[in-house]
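> please work out how this folds:
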Amino acid sequence: AVIRARVNVARERQHTRFDGTATPHNAAMGVREIREHCQLDAAGEQMLEQVMTHFGLSARAHDRIRKVARTIADLEGSEGITAAHLAEAIQYRTLDRKQG
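The predicted structure is shown next:
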C-alpha cells in the first residue's frame with residue numbers, strides 16, 4: 001500500500017509535468033523533454049559522462065539513464081535530479097547490462 005501510494009504520487013507529478021502535451025509519462029519523453037525535465041548539475045553531468053565512457057554506453061542508454069533518474073526523483077518527491085538519483089539509475093543500467 002505504501003509503495004502504491006508513492007507510485008501514484010509520482011504518476012500524478014508526471015501527469016502534471018506533461019499536462020497539455022502528447023507525452024504521457026517519463027518513459028515516453030523525447031530528446032527535447034529530456035533536456036527540459038532531466039537536467040543535471042555539473043557533478044551529475046561529469047558522473048554520467050564518466051559512466052558512458054567507462055561502459056561504452058550509447059546515446060540511447062544516456063537518455064534512458066536520465067529518464068530513470070527523473071522517475072526515481074519523482075518517487076522521492078524531488079523537483080530536481082540529485083547525484084543519488086543518477087547513481088541509482090546508473091546502477092540499474094549496469095546491472096541490466098551484466099544480466100543481459
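> now the helix or strand of the chain with the lowest mean pLDDT, how far from the centre of its chain.
Least confident helix or strand, the chain: helix 83-99 with a mean of 83, by mean pLDDT, DSSP states H and E. In terms of C-alpha atoms, centre = their mean, to the nearest Å, the centre of helix 83-99 is set 10 Å apart from its chain centre.
> what does that helix contact?
With C-beta atoms under 8 Å, 6 or more residues apart in numbering as the test, helix 83-99 has contacts from 40-41, 43-44, 47-48, 51, 55, 57, 61, 64-66, 68-70, 72-73, 76, 78. C-beta: built from backbone N, CA, C; applies to glycine.
> ok, of those, which come out buried?
Neighbour counting by 16 or more other C-beta atoms under 10 Å classes 40, 44, 47-48, 51, 57, 61, 64-66, 68-70, 72-73 among the contacts of helix 83-99 as buried.
> still on that earlier bit, take the least confident helix or strand of the chain, keep the C-alpha atoms, and write them as PDB.
Written as PDB, here are the backbone C-alpha positions of helix 83-99 (Å, rounded to 0.1, in the frame of the first residue of the first chain):
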ATOM      1  CA  ALA A  83      23.500  12.700  -7.700                       C
ATOM      2  CA  ALA A  84      21.900   9.900  -5.600                       C
ATOM      3  CA  HIS A  85      19.100   9.600  -8.200                       C
ATOM      4  CA  LEU A  86      21.500   9.500 -11.000                       C
ATOM      5  CA  ALA A  87      23.700   6.900  -9.300                       C
ATOM      6  CA  GLU A  88      20.700   4.700  -8.600                       C
ATOM      7  CA  ALA A  89      19.700   4.900 -12.300                       C
ATOM      8  CA  ILE A  90      23.200   4.100 -13.400                       C
ATOM      9  CA  GLN A  91      23.300   1.100 -11.100                       C
ATOM     10  CA  TYR A  92      20.100  -0.300 -12.600                       C
ATOM     11  CA  ARG A  93      21.600   0.200 -16.100                       C
ATOM     12  CA  THR A  94      24.900  -1.500 -15.300                       C
ATOM     13  CA  LEU A  95      23.000  -4.400 -13.600                       C
ATOM     14  CA  ASP A  96      20.900  -4.700 -16.700                       C
ATOM     15  CA  ARG A  97      24.000  -5.000 -18.900                       C
ATOM     16  CA  LYS A  98      25.500  -7.700 -16.600                       C
ATOM     17  CA  GLN A  99      22.400  -9.800 -16.800                       C
END
